[in-house]
Every structure is written in structure tokens, then in C-alpha cells.
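> below are the sequence and a predicted model for it; my questions follow.
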Amino acid sequence: MISNNLGKCFDAAQWADKAALIEPGDFSAPRRTSFAELDAECDAVARGLVARGYRPGDAIGILAQNSREQVCAYLGIMRAGMVAVPFSFKLNQKICSHIVRDSGMKAVFCDPAYRAMLTDTADMPEVLSLERGGGFEDLLDPGPFDTFEPQERELAMILYTSGSTGNPKGVLLSHASQRWSLERGAALYGDRASNCYIVAAPMFHMNATISLKSALACGATTVLLPTFDAESYARSIQEFGVTALTSVPTMLALVAKESERLGHLDFSSVQEVMMGSAPLTQALIDKVQAIFPGARISNSYGTTEGGPSPFGPHPDGIPRPPLSLGYPAPELEVELRESDQPDQGVFYVRSPMRMEGYRNLPEKTAEVLKDGWYRSGDIMRRDADGFFYFVGRADDMFNVGGENVWPGEVEKLIESLPGVHQACVVPVPHETKHLAPFAWVVLQNHASLSEEDVKKHTLDNGPAFAHPRHVHFLQEIPLAGTNKPDRKKLEALARQETERLKKA
């Protein structure tokens, strides 16, 4: 890389006039931004922030959908030695205020549509518009800029966790940790400059930020969507010849559900599909493979705190099983702990990609970081060849009459029933078992299944204690801000429904 600064993660001189970003818009006149243009505007943001009096180490927020302006703000903040804090526009005002205070933001770049989410108080940071023609140009200070060179483990950004319980936690990420990940990817995958990626996940999520920076670093083009929409996503793949997809499984589940209506589209350009950041099922792999028959499908794993995937190919060349996350990378250390089973337990990893800790939460940091080891809270198993598989979140597991139930395992079982497109399983109170599984199910187009059909399938093919006591059908699974299933919302709805059924 040409700089230790994460904001300078690409060589503008080498790629110059090549498209770094393509924004489809309504597809009639897509906006293309070259590497040279992107580089110049990132410098202009950095110069503008310095001219306004902001200094290295200052936290600068970003509350916006994906766009060229947002990317320039994100990279420009870091080039100036400041700390980028992208956060979700899907949060409520109270949580937004917490993030502003907790991070110590001195300013925040904001889309006009989300300005009302920022509470006007005496200590409110300066709000900088990201609207081109509506204030963004006022900040820009065009000209050359000497990129700030960070010291080892100096902060580059803070990403806030989804906050499924309580306030979200600020994950402190250094230039060095993220840069190491990009360099490892370059060594592992080689020349990818001819690739065309697509990013539709929000840039406040690790999946999107690392995908975009990886593409820029290798000189590839990225099709950038403001938010995820299944039809726009699918059409963009055809229109711009996208070759590689990196996404959350639920995003491609929505594309798969629309496949009949979108069947006229040509996806032959797609060579690789990587899905990560949420559990993956064989049923979804099969559906995605049918949509992209020429692509290699892989399951990836990473966390905001521990960094992108600690896995890679098997050293003996053994093919990776479809649901496997891969074989532990030789540059990292991994262990399975907190279990009486040697090949299943909580996943621990020690690597240069780890976070520096949680913002203002030393006790929480101590719970998950010790001697460089990060406790993921994810339960994994290891097969005889050394491949790792995701079982579920330790926090998601619930006990049914003395038996441990992993929602992801029940979801896999339900999705193996013909006619089922997607499932999400949550716990609800039970009179004798304490808790019991409740399944939300999305059917494939034109499929017809009953609650009893789903229950019978799980009883016939899995342990009786894990079968869902209630099955309800939805048109689609609601998503949280990170495009993962909103389990908190579904659990609340399931509890309401069980209460209603008791009174009926």
C-alpha cells in the first residue's frame, strides 16, 4: 500500500482514469467516478476539515446512505488523521444521541434526509452537509494534501455494534488492523483489478467498509448502491457486468425470492459469490447457485471486533465443504474453548486484525479481549479435516426443557423442506419447557404449506425438543439496519402472538 493511512488505501496514479465507483441512479445516466477524481475529492475533504479547525484524533461522524460523497467523507476524514464514525440512519433519535456523545464527535457529515435524527443541543457537533449542490462543496478545499501518517495501532474509525440489547458499543479500529487485512487479501487472492464488485450493504457495517476498501486497494471497480433493493441490485449486476458479490445472506435470499420475476436478467458475468456476517444454509446456497450457475459460492466469516475472515484454503488442497467457513489461516491463532467437546466451542482468535477495545467500556473490553485473544461469542465446530463451521451465537442459544437449542440449526432444518424459502427461529415463553422455538417462515413463490407441514418435517428430521411449537408465515423477514434478520423485533412479535393465542 502507498500509505499507512487507511484513507489512502488505493494508488490513484496507477488507476487514474479507470472507474472506481459506479452509481446506477435510475440507470439512465449512471454516475462514474474515476480513481483520480475520488482521490482528489478525498484530499479536498481532508483539507476542508483542517481548514475548519479540526485536528488529528477528532471524531467525525457520518450519517448517510452510500454515495460518492459519503465515501469521500469517510476516506477524507482518515486522511486528515481524524477518526471516522459512520453510524446507522435506521436508529432512533435517542440511540443517535448516545453515539454522538459516546464517540465525542466534533462534527458529523449528514444527508439532509437524516438531519432531524440529530438532536439540537448546546453540545451538538457541527453538521456538515453531504448534499452536492446543497452545502457539500462549501466544505471542499481542492488541492494537494499531505496524508497524515498514523503511528502503530492509531485509531482510524469507530464502528458501532447493532445494539440488540441496550446501547450499541463503539468498536475502536486502527489503521494498522484494517491495513493488515487488505494486505492479507491482496496476498491471498492476487490480481483482482479486472473484477467489478457491488456494494449495497450500509457503510456503517464492517461487511461494506472492508469490501469497498478491498476493491479500491486492488484497482477494481465498485458498483455502489445507496441502500439494498433486490431489483436494483439484480439489475445492476447485469447492467455493469458485476463479477464478484460480497453480501449478507439475507440480501441474496431476497434476490432469490425475486428470481422468477427477474428471470430475464443475465447473471453470466458473476464468477464469485461470498456470503457472510450471518448464518448460511445449504438451501440458500442451492438457490444462489441456481441464480448464478457459473459462480463459486463461499461462506465467509468475520466480526467487527475481530476483523474479516480468519479462514482460508486448506494447506493440503482439500476442497472446502459448502457450509464451511474454511481452514484457519496460518498467520493467525484460533482456538475453541468453553466446552467439554474438543471440536466444538466458543471461537477465540488472536490476530493483528482485532479491535483496540470498546469506546468508554473498559469492563466490556476486558470480557472479550485478553492477552491479544478475542472472544467472539460464536459457537463453532471443527470437522476431521480441520474445517470450521458456524453453529450459532452463544447469546442466541436458548434452553428448552434442559436441552440447548441453536436457532440456526432449526432454521437449516426448516429450510430443507421443499417450498420453504427462508426461516427465522426465536424463543418464546412456554408453560412447561420455560422456552420453546417459534418459527417465522417465508414460502417460495406459489408454494403452499401449513403450520403442521413444517412441524411434521422438523419432528421427522430433528430432535423433538427443537421443533417449533408455533409456525407463522410472512411475505418476507424484516431486516435490522445491518441487513440481517431483525431477531429482536421478531421475538417481540412472537411473544405478542403467543399471548394472543392463549387468550383466544
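Thanks, I have the structure now.

> just the helices from the stretch 51-200 of the chain, written as ranges.
In order along the chain, the stretch 51-200 of the chain carries the following helices (DSSP state H, counting those that start in this stretch): 68-79, 93-103, 136-139, 175-189.

> which ones are touching V454?
V454 makes contact with I414, L417, V420, A439, V441, P468, V471, according to Cβ atoms under 8 Å, 6 or more residues apart in numbering. From N, CA and C alone the C-beta is placed, and that goes for glycine too.

> same list, those residues, but as CSV with pLDDT and neighbour count please.
CSV is the format used below for the contacts of V454 (pLDDT from 0 to 100; neighbours: other Cβ atoms under 10 Å):
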residue, pLDDT, neighbour count
I414, 95, 27
L417, 95, 20
V420, 93, 23
A439, 96, 27
V441, 96, 25
P468, 95, 26
V471, 96, 22
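
> tell me which entries of the residues you listed lie within strands.
Using DSSP state E, the subset of the contacts of V454 located in strands is V420, A439, V441, V471.

> surely the first one touches K412?
Right, the one you point to is V420. No - with contacts defined as Cβ atoms under 8 Å, V420 does not count as touching K412, sitting 10.8 Å away.

> ok, the helix or strand E335 falls within: who's next to it in the sheet?
Element membership for E335, per DSSP states H and E: strand 333-337. Strand 333-337 pairs in its sheet with strand 344-350 (antiparallel), by DSSP bridges.

> any shared contact partners between V420 and K412?
By Cβ under 8 Å, 6+ apart, the residues touching both V420 and K412 are A283.

> three-state assignment of the most centrally placed residue in the chain?
The C-alpha lying nearest the average C-alpha coordinate of the chain belongs to N207 (Cα atoms, centre = their mean; 3.5 Å). Here N207 is recorded as helix under DSSP: H, G, I helix; E, B strand; the rest coil.

> that one and V45: what is the separation?
Remark: distance between N207 and V45 (Cβ to Cβ, to the nearest Å) = 24 Å.

> and if you look at K503?
Taken as Cβ to Cβ, the span from K503 to V45 is 57 Å.

> among the two, which residue is more densely surrounded?
V45 (28 against 5; other Cβ atoms under 10 Å).

> redo the helices of the stretch 51-200 of the chain as JSON lines? Include mean neighbour count, mean pLDDT and distance to F311.
Listed next are these as JSON lines, based on neighbours: other Cβ atoms under 10 Å; pLDDT from 0 to 100; distance: least, Cβ to Cβ, whole Å:
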{"stretch": "helix 68-79", "mean neighbour count": "26", "mean pLDDT": "98", "distance to F311": "27"}
{"stretch": "helix 93-103", "mean neighbour count": "18", "mean pLDDT": "92", "distance to F311": "31"}
{"stretch": "helix 136-139", "mean neighbour count": "16", "mean pLDDT": "95", "distance to F311": "40"}
{"stretch": "helix 175-189", "mean neighbour count": "18", "mean pLDDT": "86", "distance to F311": "11"}
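
> in terms of helices and strands, where is E37?
helix 35-51.

> buried stuff in that helix?
35, 37-50 (16 or more other Cβ atoms under 10 Å).

> now for it, which elements pack on it?
helix 12-15, strand 19-23, helix 68-79, helix 136-139 (3 or more Cβ pairs under 8 Å, 6 or more residues apart in numbering; DSSP states H and E).

> ok, 10 Å please
Counting contacts by 3 or more Cβ pairs under 10 Å, 6 or more residues apart in numbering; DSSP states H and E, helix 35-51 packs against helix 12-15, strand 19-23, strand 31-34, helix 68-79, strand 105-110, strand 126-129, helix 136-139, helix 206-217.

> ok, which of those comes nearest G317?
Checking the helices and strands packed on helix 35-51 against G317 by Cβ to Cβ gives helix 206-217 as the closest, at 24.5 Å.

> quick one: end-to-end distance for stretch 292-303.
26 Å (Cα to Cα, to the nearest Å).

> domain ranges for the chain?
Here the domain parsing of the chain from automatic domain parsing is 9-227, 327-392, 398-503.

> out of those domains, deepest packed?
Among the domains of the chain, judged by mean count of other Cβ atoms under 10 Å, the one packed with the most neighbours on average is domain 9-227 (a mean of 19).

> centre of the chain to that one, how far?
When distances are taken as Cα atoms, centre = their mean, to the nearest Å, domain 9-227 is centred 15 Å away from the chain's centroid.

> same thing with stretch 461-481?
23 Å.

> any weak-confidence spans in the stretch 51-200 of the chain?
Across the stretch 51-200 of the chain, residues meeting the criterion (pLDDT under 70) sit at 162-166.

> circling back to that earlier point, nearest to P427, out of the helices of the stretch 51-200 of the chain?
Here helix 93-103 is closest among the helices of the stretch 51-200 of the chain (Cβ to Cβ), at 24.3 Å.

> so that closest one versus strand 105-110, what angle?
Per axes from the mean of the first three to the mean of the last three Cα atoms, to 10 degrees, the angle that helix 93-103 makes with strand 105-110 is 140 degrees.

> what does helix 93-103 contact?
With contact meaning Cβ atoms under 10 Å, 6 or more residues apart in numbering, helix 93-103 is reached by 59-61, 63, 83, 85, 87-89, 91-92, 105, 108, 114, 116-119, 121, 123-125, 158, 160, 163, 166-170, 204, 358-361.

> tell me the phi and psi of G408?
With angles defined as degrees, to the nearest 10, G408 sits at phi -60, psi -40.

> I'd like to know how far it sits from A12.
42 Å.

> then S28?
28 Å.

> now the strands for the stretch 301-450 of the chain?
Secondary structure of the stretch 301-450 of the chain (DSSP state E, counting those that start in this stretch): strands at 311-312, 327-328, 333-337, 344-350, 357-358, 369-370, 373-382, 388-393, 398-400, 403-405, 420-430, 434-443.

> the fifth one pairs with which strands?
Meaning strand 357-358. strand 170-174 (antiparallel).

> what inclination does the strand it pairs with have with respect to helix 175-189?
Going by the same axes, to 10 degrees, strand 170-174 makes 70 degrees with helix 175-189.

> if we can go back for a sec, of the domains of the chain, which approaches A290 most closely?
Nearest of the domains of the chain (Cβ to Cβ): domain 398-503, 11.8 Å.

> and that closest one, how far apart are its ends?
Start-to-end, domain 398-503 (Cα to Cα) is 25 Å.
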